[in-house]
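> sequence? don't have it. structure:
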């Protein structure tokens, strides 16, 4: 085994004593890995002072094992072998810190997701042994590190002026954080402005939007940049820089309305900003509240685009508004009486490969859009209550009135004699022109599972497609901010339960439907949750960052400048003249807050004089040595051979 | 230098998996309990651009049979890192040829956090390759 | 951890489940001194008792324990476990919570959680933490990953033999411990009181709990948990490995005949999740889910449901009408095959009732907060700020405000912490804007 | 092919206060009915919902097998009162038969 080539100075003189802690994970690991055998093997690994096991290493007693060994001075490096580091690395780092150790003298071996859940028998035990041995190889050379402290601007940029963006902006501003709200259109209100009465409690969308928008416009801590978009992005948590420019053509038609007034379908018109042109915003955090797009049916999908009588639900909602003047009789749309209408659910949602057709870009919307069932039923109720002469049929796959008060809305629809019909994913209803003389322009035929699989024919005057939510058009932001996107193309949170409104990029948060379909209440909850994370991050005036940045060993550096050439974040590393042993010399120097920690510099240094703290090349070499070494175990079938350890 | 004995060491496959994409991708395969050969070892890296040419050649010398660099591809959080690394790999391939190493032993691929099928494909293919090829270093 | 009789905080969170813990962490993270009051002997709520969670199939313990540990170790958080809230009062000065610290019969400061008492206790009773399928001692650590890891004596079953006191290395057993009143004063409160599973006795047609091998969904969570009672899935009556398992959806929800008309929101997904876990541990078993509508509405839930279908789990659209004990421990399920021949019956080795949820807290006489017709705490701003209640300065998070899955609960808990923080800020006058203005006018 | 007829239900309205509109077709009544298997009584409720008058007349004899034990009404999750719907249909069918 090769000894570390470059042990760091602070560690000199202190012999590495590694503690290895192996988790049973209540059988998750121990069902496939012989944990006690692994522990025995680890006791023979050079540098390992103790090796212990526990049912749940993450539990208090498990952590206590580690802390006690540290306190007693039995160990000074820690290796925990358990589940994925994403789950518990921070748990163990903080346990080490509580016991007075340095949390960065820690290495994690992933023997659940990458061993016990994918391999079985002897092979699993052997692989776990080698992985843990490799972790000890790295741990032996880990030096104490301190987190970087970066001053953070008490300022937030919120991108998107729908209810998510407005909710987050108000919460932040009420906590004393200055906020710049950037909205592409000249209006505040987003998706909710395209609604009328919100299910299930019947709030007036215009009132909700107006309430939030007025408070935003009056708030001294909030500046609104409407009709503007983010065009450049740079910096890091606490100190982001965003370029914001006017969107060409994004202005309200002159004379259409007045600043501060509500325009149905659009929102509250924002007074033009005094500065007008392109500006630069310097900010501590960014909240993404970019919203969703409504699915547009393909031409011919349920007769859409081919029949004027086929419309989408969002279009219908705007057309009928509050159903003013439509009391007591038959619903009239554009002068045409609607005696019978069919609402078809799951249009552009819950699409299944092999059954549904992909869009022009090869995408299928496999997700459920969450809000359409309740929205469709809400609309059906409004119509049936205002216009009892209009019959309403709902053709669905599953009724998903999941939320509080929503099942009651569904029951009410039944009471209102909305007729529900259920179709299978592979038996979509067919929309055709009605027979001449039928008195209805369209007919819908459906194999109805509620009627024992009989085929029903429904003559209708209108077909309404309950279209789903799609990810909004944010490709530019995804590109600029390097945002992670899920298989469903919505922005992807770090973890749905551990960190539901956070991204892997520190200081950037998710609010609302840019992440997944949500209703208004859920959107505001998500926005407030994002705001609370942002406020916590800014509360101290500084942000602590991981110390995994490049560091130059000035004794080895000869000032070739290769690292400066290779650096991917210009400015993070530069050549400087400095005094060493009384002589002025040119050496490389890193600005830690700008360093991305990517290591591009490491590979090119001819002198091996630069490394990423906590991820050094020598540590990788040590890990590879331990993986290939047969010191801890022989692979099954291998010729047994003793190796000098 | 560690031991290079035993007929098994050359079978080992190293995955250099990026912390933001491929490493959680490997975890996702685990969450799905999808089995793959146990000679595959995942090392977490911030960005594979860190490794100089020599690192790869040393790995083969030590007996690693195959290396898959599982990067984030175009989604790489470090702008320009992917390109810089791809360029470096061209030189690694040249050096491998000079040393008589089959260049199929080293692959660069992009694996996302939910790319379970792609992950399994890659490791199974590499496993087949290292089984077909004779060990990169001859056992003494 | 547990603190003195009278204490003053910025915020008090009632309920130490995942909602309460997340709210407390988000308040403490901003520097607010926060108390968490929990009726159980451990924090962690329902979530820590689950096996794995949908749609990621992470083990519940792995997701919950970091938050439990973070709360327990946070310098700004004080935990009060095993406490019964008597009164929550709101006046001009803030919120005061009167409660009774129930006796553990163990000196919590002395107990080191070594379990010697538990190992030596001769009294064995059914362990409700394991679905009643295995035994526990009269004195025990509540469950393996409980926080705090402190022993608890069950006085109803203890026969006062004195063995625990004899073996306790720290002399922590206190047979004479008495309930102690405590009082907490704070400026704001978050109600995160969670839920209870609805009762199997709610519908006589489902057997009132008397049919062997009919279990509820939390019992199945224990059977599936890696640290469950058997370590594998066996049916309770005879230890047989079940070949055929059925789920009865809406067994405690969407049913006026049981008095619960609302949808409990997460039963579909936990049934699909359990079915997937079962088909992993029992690859040969047939798994059938009887349902009315599969409500897979959350992020990646539909994809999860479609995966379950692709794995061969059978979904039958029918509300089960009745259950009966069949031959040899089987359970006969009676339902209407809607696209087939009509009313029919099928036998399964094991039947799981997907129970719904009932409010975990009846505030009547305790806290003057407004309730909805469903008995859950009412939000006065369900769209703009769902955590705002009709009591100024008192907020609500999680299932206390209506059924909700873990993802939505955690998000709402963050939102409640935000609203509480704004309320505190407005009170102190340090920041512009006024939270109370918002709660009355939005 | 079965045609739907929203007008049909209006003919039943004078005969009853409850036409099973609350029914969400869960099938409890069909499975709980001790006398008749197949889809009864949900079948009748469903035909009322979609206005399939012909189907009701074709299957009218089933109505008289119902003894009004009340089990369906008692267990209905939506409180849709299937027993009352069957009674209403008996009245309706009788009136049609009388006329013809």
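Sure thing, it's come through. Keep in mind that what you see is a predicted model, and the values were worked out from it rather than measured.
> could you point out which element follows the lowest-mean-pLDDT helix or strand in chain A?
Sorting the helices and strands of chain A by mean pLDDT, DSSP states H and E puts strand A:542-545 at the bottom, at a mean of 84. Where DSSP states H and E defines the elements, the next helix or strand beyond strand A:542-545 is strand A:550-552.
> dump the residue contacts of the closest residue to residue A:486 other than its chain neighbours.
Leaving aside its sequence neighbours, residue A:486 sits nearest to residue A:492 (Cβ to Cβ, 6 or more residues apart in numbering or on different chains; 4.0 Å). To be clear about C-beta, it is placed using only N, CA and C from the backbone, and glycine gets the same treatment. By Cβ atoms under 8 Å, 6 or more residues apart in numbering or on different chains, the residues touching residue A:492 are A:483, A:484, A:485, A:486, A:503, A:515, B:113.
> show me what the least confident helix or strand of chain A is packed up against.
Applying 3 or more Cβ pairs under 8 Å, 6 or more residues apart in numbering or on different chains; DSSP states H and E, we find strand A:542-545 packed against strand A:148-151.
> pull out the buried positions in the strand it packs on.
A:148, A:150 (16 or more other Cβ atoms under 10 Å in any protein chain shown).
> in its sheet, what does that strand sit against?
strand A:542-545 (antiparallel) (DSSP bridges).
> any idea how far chain D is from whichever residue of the stretch 101-250 of chain A sits closest to chain B?
Residue nearest to chain B within the stretch 101-250 of chain A: residue A:113 (3.1 Å; Cβ to the nearest Cβ). According to Cβ to the nearest Cβ, to the nearest Å, residue A:113 and chain D sit 41 Å apart.
> show the pLDDT at that residue.
Here, the pLDDT recorded for residue A:113 equals 89.
> equivalent analysis for residue C:64, please.
86.
> separation between the residue of chain C most remote from its centre and residue A:421?
Residue farthest from the centre of chain C, counting by Cα atoms, centre = their mean, is residue C:341 at 40.3 Å. Residue C:341 sits at a distance of 21 Å from residue A:421 (criterion: Cβ to Cβ, to the nearest Å).
> and the top helix by length along chain D, what does it pack onto?
Taking DSSP state H as the criterion, chain D has its longest helix at helix D:82-99. In terms of contacts (3+ Cβ pairs under 8 Å, 6+ apart), helix D:82-99 is packed against helix D:8-12, helix D:42-50, helix D:53-58, helix D:71-75.
> so for residue A:201, which of the ones you listed sits nearest?
helix D:42-50 (27.6 Å; Cβ to Cβ).
> which strands and helices sit next to the closest one?
strand A:419-422, helix D:8-12, helix D:28-32, helix D:53-58, helix D:82-99.
> ranking those by burial, who's on top?
helix D:28-32 (a mean of 29; mean count of other Cβ atoms under 10 Å in any protein chain shown).
> can you list contacts of that helix?
Counting by Cβ under 8 Å, 6+ apart, residues outside helix D:28-32 touching it are C:205, C:318-322, C:334-336, C:342-344, D:38-43, D:45, D:71-72, D:75-77, D:82.
> the single longest helix found in chain C - what's its average pLDDT?
Longest helix in chain C by number of residues, with DSSP H as the criterion: helix C:406-428. Mean pLDDT, helix C:406-428: 97.
> check contacts around the spatially closest residue to residue A:424 that is not a sequence neighbour.
With Cβ to Cβ, 6+ apart as the criterion, residue A:424 has its nearest non-adjacent residue at 6.6 Å, and that residue is residue A:449. Applying Cβ under 8 Å, 6+ apart to residue A:449 gives the contacts A:422, A:423, A:424, C:317, C:338, C:339.
> dump these into JSON lines; add pLDDT as well.
As requested, the contacts of residue A:449 are exported to JSON lines (pLDDT from 0 to 100):
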{"residue": "A:422", "pLDDT": "98"}
{"residue": "A:423", "pLDDT": "98"}
{"residue": "A:424", "pLDDT": "97"}
{"residue": "C:317", "pLDDT": "97"}
{"residue": "C:338", "pLDDT": "94"}
{"residue": "C:339", "pLDDT": "90"}
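> of these, buried ones?
A:422, A:423, C:317, C:338, C:339.
> circling back: mind giving me CSV with the helices and strands packed on helix D:82-99 and columns for mean pLDDT?
Listed next are the helices and strands packed on helix D:82-99 as CSV, based on pLDDT from 0 to 100:
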stretch, mean pLDDT
helix D:8-12, 89
helix D:42-50, 96
helix D:53-58, 93
helix D:71-75, 95
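> ok, for the closest residue to chain C within chain B, nearest residue in space, not its chain neighbours?
When scored by Cβ to the nearest Cβ, chain B has residue B:31 as its residue closest to chain C, at 5.5 Å. Nearest non-adjacent residue to residue B:31, counting by Cβ to Cβ, 6+ apart: residue C:57, 5.5 Å away.
> so the one you found sits right up against residue C:273, yeah?
Yes - under the criterion of Cβ atoms under 8 Å, residue C:57 makes contact with residue C:273 at 7.2 Å.
> farthest-separated two in the contacts of residue A:492?
Largest pairwise distance in these, by Cβ to Cβ, is 15.3 Å, between A:515 and B:113.
> more neighbours, those two?
It is residue A:515, of residue A:515 and residue B:113, that has more neighbours when counted by other Cβ atoms under 10 Å in any protein chain shown, with 28 against 22.
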